[in-house]
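1. fold the following, please.
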Amino acid sequence: DTVIEYQAFVGDKAVAKASGKAFERVNLALPQFQTIGEAALRIEAKAGNGLADALGYKLKVLSTYHQKMVSRIMAAEKGMKLPAGEQGMTTVSFIDREKSKYIPALYEMNYYFGERIDQRLTAKLAAQILKDIQGQEADVNNLDDVKLSDYQKENGGIAVLPYGEDDLEITVQMLSLLIDRTDSTKDLANRQRLEAYFSAKLKEKANAKALYGLAVLRRPILDKLTEYDRIENLALEERLYVGLAYAELGDTYRAQQIYDQYVAPQLEVYDTIASLRQGDKEKSYQLTGTAMLLAQKLGQENAVKMFQFELDNASKYYFNGAQKLCFIKAALGQTKLTDSRVSYVYLGQEKEEKLGAYPASFRLPSVKLGELQIKAVSGNVDIVLTYPQTEQLKSSPDKYLQLERKYFVNDQETAEFKEGDIVKVQLTWDISPDAPAGSYRITDYLPAGLKPIEKDFSFLRSNYYVRWWWQDIDRQKVSIYVGYWREGLTQVG
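-> Now for the predicted structure:
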C-alpha cells in the first residue's frame, strides 16, 4: 500500500503531478507542448520511505499528424542525387516525358470500335502514329482501311455514319485529321468540297463552327469572324470556336482574350485534371474537349489537365475521340521523340531502365533516397518523387464529396472514451454523380490515445458508382481508397 508521488518535467520545468499505489497504473496529464522539435521528458517517482527513481525520454514534438502526398517532377541528369525526405516511403518513377503522356491514350484509341467516322478513322490514325513512334514494336489493331468517300457527302460535309446526312459538328472535329496543313496532296478528304461546305453553311446562318472550318482551310474570313465576335450573347461553345478560329488565323492576342474572359473563370482545376464545369456533366465534358484545343493553341499549362479530364471521363451522348487525337498530334508535332534510358545505382547495384509508354517505379525509405545515384541519362527522362509531407490540412466544404464521422463505444454514439474502450469510427461518404471519375482517397486521423485496428477489405456495388475500399494504416493516419467510375459507356455507337 505504499503511495508513490510522481512528477513530470519537460526540460527543467515541472509540468504534471500525480500519486498512486505502488505497481498500479497512474496517468500523468501532460500539457500541450509549445515548441516543435526535440523535447526531453523526465518522470521522477518518490516513495514515503525516501526511495526515489527517475526515467528520461526523448520526444519528437510534431505540429500535426496530418500529411499531404506531394509530387516533385524534375528532369533527370547524370550525377544528380535526389533530395531525401524526412519520413515514410517515397515512390520513385522514371518516365519518358512525352511518350508516357500520349502512347497509352493512343493504344486506347486504336481499339475504338463502331461504324462512326470518328471511331473508325481515329482508331486507324492512332495505329499509324503508334507505328511511326515505335516502329515494328507497336502492337496495333489492324483495322480495315476507312473509305472517306463513304462518309463525305456530295455537299462536302462529313457524315457520322455512311448512310447518314452531313454533320457540321463532326466535320469540324474531324477537319484537322482529314487535311494536311503543309501538303494538300496528303489530304484524306477533298479540300475544295470541304471549303464549299463550310461556305454554304456560313451563308445559311452565321456560326462559329463554319468560320473555324474556313480558318483551318486558310480562307480569308477575318472580317466575318470579327463581325461575328461582336455578338454579345454568344453561347460558350460558339465563343470557344471563335477563339479557335482566331488562333488558326494567327491572332492569338484576341484568342487569349476570349480564353481569359470565358474559359479561365469557369475552369475547375485540380492537381492532375481541369474542366469547364457547366452544372451538366455531359455539357461539361463536351465543352472541356473544345476548350482543351484552344488552351493548347495558346500554350496554356491547363491544356494537359483538360486532356487528362477527357481521358478519365466519358459521356453517354457525346464522343470526342477526334478531338483527343487532334490534341495528341499537335503535341507530338511540337516535340522530338527519342529513345529514353536511365541508369542508376542503389546500394551498390546498378540497373538500366528503357522507358516507353509506362513509368519504371519503385519505393524506397525516404531517408535513403540520397543514396540513389543517377549514372547515365539519354532522351527525355523525368523523375517523379511522391512522398508524404507533414502539413496542417485545412478543411473546407467540397461540392462533390460529403463526409461524416461518428464515434461509437458499445454501439452507442459518443465523443468521450476511457482507457480500454474499443472505439468504432464510422465514416460515411457520398460522391456526387457530377464528380470527376477516378480514385479518391479519404484520410482520417485518430485522436492521440487511440490506436487503429486493421480490418479486412470490403466490396460494394451500387447504381451510380463502384466502391472498392481497403485501409492503409500509418500510425494515427487511416486511409480508405474509393474507386469512382462514371455511369454509362466509354464509347458511343
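2. tell me how far the ends of stretch 401-415 are from each other?
-> From its first residue to its last, stretch 401-415 covers 24 Å (C-alpha to C-alpha, to the nearest Å).
3. averaged over its residues, what pLDDT does that stretch have?
-> Here stretch 401-415 scores 87 as its mean pLDDT.
4. likewise stretch 318-327?
-> Stretch 318-327 shows an average pLDDT of 93 in the prediction.
5. neighbouring contacts of that stretch?
-> 105, 109, 112, 116, 118-119, 121-122, 125-126, 170, 173-174, 176-177, 282, 285-286, 289-290, 292-293, 296, 303, 307, 310-311, 491-493 (C-beta atoms under 8 Å, 6 or more residues apart in numbering). Any C-beta I mention is one placed from the backbone N, CA and C, and that applies to glycine too.
6. confirm for me that Leu62 is in contact with Gly37.
-> No: look at Leu62 against Gly37 with C-beta atoms under 8 Å: they stay out of range, at 9.2 Å.
7. run through this structure and note the low-pLDDT ranges.
-> The model of the chain has pLDDT under 70 over residues 84-85, 136-143, 392-396, 455-471, 483-493.
8. pick out the residue nearest the middle of it.
-> The centre of the chain sits closest to Thr272, judged by C-alpha atoms, centre = their mean, with a distance of 2.9 Å.
9. ok, now which ones touch that one?
-> Applying C-beta under 8 Å, 6+ apart to Thr272 gives the contacts 305, 308.
10. what residues sit buried inside stretch 306-321?
-> 306-310, 312-315, 319-321 (16 or more other C-beta atoms under 10 Å).
11. let's see which of the contacts of stretch 318-327 end up in helices.
-> 105, 109, 118-119, 121-122, 125-126, 170, 173-174, 176-177, 282, 285-286, 289-290, 292-293, 296, 303, 307, 310-311 (DSSP state H).
12. in the stretch 301-450 of the chain, which spans are strands?
-> Here the stretch 301-450 of the chain has its strands, by DSSP state E, counting those that start in this stretch, at 340-346, 349-355, 360-365, 373-378, 381-390, 401-409, 412-413, 423-431, 438-445.
13. then the stretch 51-200 of the chain?
-> With DSSP E, counting those that start in this stretch, the ranges of strands along the stretch 51-200 of the chain come out as 52-61, 67-75, 89-96.
14. wait, which of these is closest to Val26?
-> Nearest to Val26, of all those, is strand 52-61, at 12.9 Å by C-beta to C-beta.
15. how about the closest one as CSV, C-alpha atoms only?
-> Listed next in CSV are the C-alpha coordinates belonging to strand 52-61 (Å, rounded to 0.1, in the frame of the first residue of the first chain):
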residue,chain,number,x,y,z
ALA,A,52,13.4,7.6,-5.4
ASP,A,53,14.0,6.9,-9.1
ALA,A,54,13.6,8.6,-12.4
LEU,A,55,13.1,7.8,-16.2
GLY,A,56,14.1,10.0,-19.1
TYR,A,57,12.6,10.1,-22.6
LYS,A,58,13.5,11.9,-25.8
LEU,A,59,10.4,13.1,-27.6
LYS,A,60,9.8,14.5,-31.0
VAL,A,61,7.0,17.0,-31.0
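16. in the stretch 101-250 of the chain, which spans are helices?
-> Per DSSP state H, counting those that start in this stretch, the stretch 101-250 of the chain carries helices over the ranges 117-134, 168-178, 191-204, 208-216, 222-229, 236-249.
17. out of those, which one sits most buried?
-> helix 208-216 (a mean of 25; mean count of other C-beta atoms under 10 Å).
18. and it, how far out from the chain middle?
-> 32 Å (C-alpha atoms, centre = their mean, to the nearest Å).
19. identify the residues contacting Arg97.
-> Residues in contact with Arg97, defined by C-beta under 8 Å, 6+ apart, are 340, 380-382.
20. if you rank these by neighbours, which is first?
-> Using other C-beta atoms under 10 Å as the neighbour test, the contacts of Arg97 are led by Ser340, with 23 neighbours.
21. isn't Thr2 up against Lys46?
-> No: using C-beta under 8 Å, Thr2 is not in contact with Lys46, being 10.8 Å away.
22. neighbour count: these two, which is higher?
-> Ranked by neighbour count (other C-beta under 10 Å), Thr2 and Lys46 place Lys46 first, with 16 against 10.
23. the helix or strand hosting that one pairs with which strands?
-> In the assignment (DSSP states H and E), Lys46 maps to strand 37-47. When pairs are called by DSSP bridges, strand 37-47 turns out to pair with strand 3-10 (antiparallel), strand 52-61 (antiparallel).
24. how far off centre is it?
-> Relative to its chain's centre, strand 37-47 lies at 47 Å (C-alpha atoms, centre = their mean).
25. in that strand, which residues are buried?
-> Those would be 41, 43, 45-46, for strand 37-47 by 16+ other C-beta under 10 Å.
26. let me know the closest of those to Tyr228.
-> Using C-beta to C-beta, the buried residues of strand 37-47 come closest to Tyr228 at Leu41, 74.3 Å.
27. you'd agree that closest one is up against Val61?
-> No: in this structure Leu41 lies outside contact range of Val61 using C-beta under 8 Å: 10.1 Å.
28. reformat the strands of the stretch 51-200 of the chain as a markdown table; add distance to Phe362 and mean neighbour count.
-> Shown next, in a markdown table, are those (distance: least, C-beta to C-beta, whole Å; neighbours: other C-beta atoms under 10 Å):
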| stretch | distance to Phe362 | mean neighbour count |
| --- | --- | --- |
| strand 52-61 | 28 | 10 |
| strand 67-75 | 15 | 13 |
| strand 89-96 | 6 | 20 |
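29. those strands: which one's closest to Ala29?
-> Closest approach to Ala29 among the strands of the stretch 51-200 of the chain is made by strand 52-61 (15.6 Å; C-beta to C-beta).
30. what comes into contact with the closest one?
-> By C-beta under 8 Å, 6+ apart, strand 52-61 touches 33, 35-46.
31. do me a favour and get the end-to-end distance for stretch 221-234?
-> 18 Å.
32. neighbouring contacts of that stretch?
-> Contacts to stretch 221-234, defined as C-beta under 8 Å, 6+ apart, come from residues 202, 206, 208, 211, 214-215, 242, 245-246, 249, 251, 254.
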